[in-house]
Structure formats: structure tokens, C-alpha cells
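In: make a model of this:
(chains A and B, ligands or ions: 2)
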Amino acid sequence: MPDTFFTKSPHWGWWAVSEFFIAGIAGAAAAIAALLWLFGSRDDRFIARYGFAVATVGSALSGLLLTLDLKRPERFWHMLLFSKTLGPTFQKWWAPMADGAWALFLLGGFSFLTLVGSLADRGPLPSGLAFLARGVLGTVLAALAGIAGVFYAGYKGVLLSATNRPLWGDTPWLGILLLASGFAMASALLLLLTRDRSPAVSQWLRNLMAGSLALTLLVVVILAATLDADVRRLVLQNVYGVLLVVAVLLGTLVPLALAWRPRLLGRLTLPSAAVLVLVGGFLLRMAMLLSSEAA
Amino acid sequence: MPEPMGFFTDTSVCIGCKACEVACKAWNQLPARNGGKVTLSGVSYDNTVALSGIQWRHVKFIEQFSPDRSTGRWLMMSDVCKHCVQAACLEVCPTGAIIRTEFDTVVIQSDVCNGCRACIAACPFGVIEINPETNTAMKCTLCYDRMQAGMVPACAQACPTQSIQFGPISELRQRAQARLEQLQAQGVTQARLYGHDESILGGLNSFYLLLDEPEVYGLPSNPQLPSQKAAPASALSAAGAVALGLLGLAGLRKQRMDRLAAEERERRQQAPETEG
Ligand code: SF4
Ligand code: SF4
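Out: Ligands and ions are numbered 1, 2, ... in the order given. As a prediction, the model looks like this:
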């Protein structure tokens, strides 16, 4: 029996599935928004704003779900500061969860500041706050939000790999898998939110979604092929394996086909693809998390 | 600085009396299972089943019988936290709740733990669980409080057969080696030591003499540290981020080129009109 089968489940369960789903979207949304903000046309910056808004709301929700999942939620701040010295926990950088907690904090913070700045720049907020989105400060804040976002979207899978649990600790491919799937989900959500507001950005998001889906598919295939045969049999030859297949079919292959043939369902093609990507992303996380917890 | 201390558990003399379990519960004031209701495991004569947040010692009964039960054997092993020299739980704990003591043992500080459960998924031996009374992660402390007072841990004190021996690691290693040689000279060729040297996680400060393969006792043969797995996963993740970033940038660049080309076309179309 593989060594990972002598361990106990942390029982992260449904809280974690939901949090991983939201975290993937929030992190990748910030990264996509930062790309648009820093390298896109100035006219399209208002679309980046949606990305930062998704990242802000998503990181708040992620933080809430993570706190609720703690057995001692009132001690949530122990994740950020050592309770005895009040030093920041990132001093223990080799503990993935400490890095993740700080990445989430920074992702939420930088996304929020950029969002406020952009809403003040050309929007409803007082123009005195527009400095947050202008000049060097605006560039730095957007870049930091993007970096924290990429880190957070990929960190979730690395956190799983850095365990001794079946499947999670048996493959190094979970980080890139959840990152790619996070990018696909965030592109899909932004497509749904910003439909028809900028045809050029919609096209760009569609291509990014398709590229992320292709990477997701490739990684799933490599993961399945390189997994120890016993681990595959014991963890995935059950309902969770079926779930994984459904997630790949429904959330990756069908949307890829729809992105390839954008007129297949008329005006409904892109929204359908986007919804399927989001559903598939959730199912993928269910399969990856719950299968190991059940083993 | 005191020298590293620990346990050497000689499973060949364990009789499965579970006195160590009782002593551990009594000293550490750990609550009864199921609110004190006696429940039978239904699969074994072992009714305490596994290590947990309220069961810091567990005597495993490995019952190997032929289907008609005409032949069989019992292996017994008092299991506990291994107080690993390279401890996975300590490595991943984000709050700093898990510390290494002056005796080279590994202890969870209950007033710091927030119940994130990272340590549970990291421990290669399935030692840690949440104590439902405190809602924090808990495991054997190797009786840190007793050791600080110069006392022997409760389990080792209670063990009637000296299956659990406590002392300085260097001394325990010598004792273990001598016992192994004695058993092998008696023809017990399957006897072996587990965790006595640095090959497993830098050494286990609670190590064992076993009478079969580690897996038979529910022990991994080659346990890993989480950090060994995090590095390749992070590298792949970073490669993915670069690939997706480049894809996004290439798309934006193409968009800009298309826009510039369209603007240029428009200018060219307008120029002859204005000239005309
Ligand atoms: S056996 Fe598990 S709980 Fe004990 S020190 Fe090693 S990793 Fe930590
Ligand atoms: S559950 Fe407690 S001891 Fe375990 S990793 Fe989390 S904070 Fe540390």
C-alpha cells in the first residue's frame, strides 16, 4: 500500500471545496485584471475593474469560509500573526498555509485599493481617491494584486501536494491544475459579467479561457497517467473518478468545443460555455478534495 | 541543554494489556470515548481502534488468522507520536503552535492552535486529530510536564513488560541494537528496527522493534516531509503561471496591433477623401 494511506484525513470537506472554488476565481480574476490594467488599452480598464471587484469580494468570502472552517474560528488571526510574539507568520515561509493566509490578505487588500482607485478615477467614488489607480502607485498596486492573485490561485494545489494524504501528496500536478482551472473559471465569470461591453476584450477573455482549459486538460491527463496505479485504483476508481470524468467532459471538453465553434448555439454559445466552465471547476475541486478525504 | 529523549518500543514483549493507554489517559486527563459509553469495534479485540485527539497512546492488535482460524498470530504494538527529528506536523503548522522542546520532542501548544488541521494531513503516521473538548489538534507530548520534573512518562512507567522504554536516545539505540541481535540469534529473523537511525525523517525519537514489515503494523516504509513535495509542485505551478501570463500578453499585443492596423486603415481611407 502506498505510504500516503497510513495518514488521517483533515476533514476539510465542503468548506474547502467551496473555498477552493472561490479562491481559484478570485486569485485568477485579480491576475487577469492586472494584465488588462497594465498591458491593455486604457479604454478597457473599466473591464479590469470587474476583475478587481471579483477578487475583492472573492477574497473576503474566501477568508470567511477559511475562518468558519477553523475549529477555533476566534483564533483566525493566528494565521497572520504568531499569537505569542505578534510577528507575521510569513516568517515561517516554509509553512504553506502561513504563506497562503498572507497571500489572501494581500490579494484582498491590493484588489480593494485598485478597485477603489478605479471607481474614483472614472466612476462614482470621490475623485480624491483616484490617486490609488493613477501613476506609479496605481501600477504597483495593480501589479501586486495580480502577483498575489496568481500565487493564491496556484497555492491551493501546492497546499494539497504538501501533505501526506493519498492523491494530494502523491502528485506535484495539483498546483498547476488548480491554477489553470482557476484562470478558466475567472475568464468565464468575467465573460459573463462583461458580455458585449468590449468585443475586443471578450475575444481576449475567450482565448484566455480556451488556453486555460487546454492546459487544464493536458494537466489532468498527465496527472492521471503519472499517478501510482494503486493510488489511482484506491482513490479514483469510485464515484469520485466518475465525478472527475464528468468535470473534464462537461467543464473542459464541451466548453473547448463551444469556444472553437462560437456560433454553435447562436448567442447562447459563449454564456453556455462560461457556465459549464464554472460548474466543471467546482466538480473538479469536489473530485480532487473529497476523493482523498474519503480514502 | 538536555540530550534528546524518547521511547524505544519493543513490540516483541507487548502483551496488549493497554496499561499504557490507561496511564496516558489518566495523567493527561483525556476524556473517555463516546462520552464513556462502551462500544465494541466489532472488527477486533482492540476496542480503542486508533490514535486520536483524546487517545494519545493506542495499542494496535494485528490479528492475522487463516479463514478457518486454525492458524494465526497476534502482533501488538503500542503506537504513539514518533517525535520525528524532521517533523512534518511542525513544518506545516502555520500558527507556530507546534514546537520542538529542549528534549528534542514535538509538542502542540493548545493555546496557540486554531484548528486548521494542516498538521493532520501532514503527519505521515496519522497521529494527530482534533480533541473535541478543546477543538484543538492534540497528540502525545511525551509527558513534557513530567519530563520537566525529571519523571518518566506515564505510559513507560505503567508498562509491565518494559515494551515501552524511556531514556536518552543514544542509550535507547544501544539497547535496541542489543535486543535485535538477541532476537536474531534466537532465530527471529524477521525482527527489525524502525526509525532508530536517520533514514526515516532524520530519525524517530520514538522508535520500534518490529517483528515484520513496517506496513504490517500500519507504518509507512518511506515517509516524506511535506516540503519535499512542495518544491516540485510550486515549480510546476510557476511554469503554468508563466505560460498563462504569456498567453494573456500575446493576446493583448495582438489586440493592440489589430487596433493600430484598423486605425491606420481608417486614416488611409480618410486621407484620399480629404485630398480629393
Ligand atoms: S509522528 Fe506525526 S505528529 Fe508525531 S512528530 Fe512526527 S509528524 Fe508530528
Ligand atoms: S491544527 Fe493547530 S497544531 Fe495543527 S497545524 Fe493547525 S494550528 Fe498547527
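In: which SSE is immediately downstream of the helix or strand that contains A:Ala103?
Out: Assigned by DSSP states H and E, A:Ala103 belongs to helix A:96-121. Next in sequence after helix A:96-121, counting helices and strands by DSSP H and E, comes helix A:135-161.
In: the following helix or strand past that following helix and chain B, are they touching?
Out: Note on helix A:135-161: by DSSP H and E, the next helix or strand toward the C-terminus is helix A:174-193. Yes: judged by C-beta under 8 Å from any C-beta of the partner chain, helix A:174-193 comes into contact with chain B through A:Leu174, A:Gly175, A:Ile176, A:Leu179, A:Ala180, A:Phe183. The way it works is simple: take the backbone N, C-alpha and C, and place the C-beta from them, glycine included.
In: does chain B sit close to the helix holding A:Ala103?
Out: Yes: counting by C-beta under 8 Å from any C-beta, chain B has neighbours in helix A:96-121: A:Pro96, A:Met97, A:Ala98, A:Gly100, A:Ala101.
In: where does pLDDT dip in chain B?
Out: By pLDDT under 70, the low-scoring segments of chain B are B:272-276.
In: again, only this time at 90
Out: Scanning chain B for pLDDT under 90 picks out B:1-2, B:32-45, B:47, B:67, B:69, B:255-256, B:258-260, B:262-264, B:266-276.
In: quick check: residues of it near ligand 1?
Out: Applying C-beta under 6 Å from any ligand atom, one finds that chain B approaches ligand 1 through B:81-84, B:87-89, B:106, B:123, B:125, B:127-128, B:139.
In: out of the residues you listed, which are inside strands?
Out: B:Val106 (DSSP state E).
In: closest to A:Ser83 out of the residues of chain B next to ligand 1?
Out: B:Cys89 (17.8 Å; C-beta to C-beta).
In: what is the mean pLDDT for the helix holding A:Ala103?
Out: Averaged across helix A:96-121, pLDDT comes to 96.
In: run the chain-centre distance for that helix.
Out: 14 Å (C-alpha atoms, centre = their mean, to the nearest Å).
In: which other helices and strands does that helix contact?
Out: Secondary-structure packing of helix A:96-121 (3 or more C-beta pairs under 8 Å, 6 or more residues apart in numbering or on different chains; DSSP states H and E): helix A:13-39, helix A:45-69, helix A:135-161.
In: out of these, which one sits most buried?
Out: Among the helices and strands packed on helix A:96-121, helix A:13-39 has the highest mean neighbour count (mean count of other C-beta atoms under 10 Å in any protein chain shown), at a mean of 26.
In: average pLDDT for that helix, rounded please.
Out: Per-residue pLDDT over helix A:13-39 has a mean of 96.
In: just say helix, strand or coil for B:Met77.
Out: Here B:Met77 is strand, with the state taken from DSSP: H, G, I helix; E, B strand; the rest coil.
In: show me how far stretch A:146-153 is from its chain's centre.
Out: The mean C-alpha position of stretch A:146-153 is separated from the chain mean by 8 Å, C-alpha atoms, centre = their mean.
In: actually stretch A:267-276, not the one I typed
Out: With C-alpha atoms, centre = their mean, you get 20 Å for stretch A:267-276.
In: what's that stretch in contact with?
Out: Under the criterion C-beta atoms under 8 Å, 6 or more residues apart in numbering or on different chains, residues A:188-189, A:191-192, A:195, A:202, A:206, A:209, A:250-251, A:254-255, A:258-259, A:261-263, A:265 lie in contact with stretch A:267-276.
In: go through it and flag the buried ones.
Out: Neighbour-count burial for stretch A:267-276 flags A:Thr269, A:Leu270, A:Ser272, A:Ala273, A:Ala274, A:Val275, A:Leu276 (criterion: 16 or more other C-beta atoms under 10 Å in any protein chain shown).
In: who's in contact with residue 53?
Out: Picked chain A for this. Here A:Ala53 is in contact with A:Leu115 (C-beta under 8 Å, 6+ apart).
In: not quite, I wanted chain B
Out: B:Ile128, B:Glu129, B:Ile130, B:Asn131, B:Pro132, B:Ala137, B:Met138, B:Lys139.
In: and for B:Arg256?
Out: A:Ser41.
In: shouldn't B:Asp46 be within a helix?
Out: No: in this structure, B:Asp46 is coil, not part of a helix, as judged by three-state DSSP.
In: counting neighbours, what do you get for it?
Out: 18 (other C-beta atoms under 10 Å in any protein chain shown).
In: what's it sitting at in phi/psi?
Out: Note on B:Asp46: its backbone torsions stand at phi -80, psi 110 [degrees, to the nearest 10].
In: grab the nearest non-local neighbour of it.
Out: B:Phe61 (4.0 Å; C-beta to C-beta, 6 or more residues apart in numbering or on different chains).
In: closest residue of chain A to chain B?
Out: Per C-beta to the nearest C-beta, A:Lys71 is where chain A lies closest to chain B, at 2.5 Å.
In: my read: that residue touches B:Met138, true?
Out: No: applying C-beta atoms under 8 Å as the test, A:Lys71 and B:Met138 come out as separate, 10.9 Å apart.
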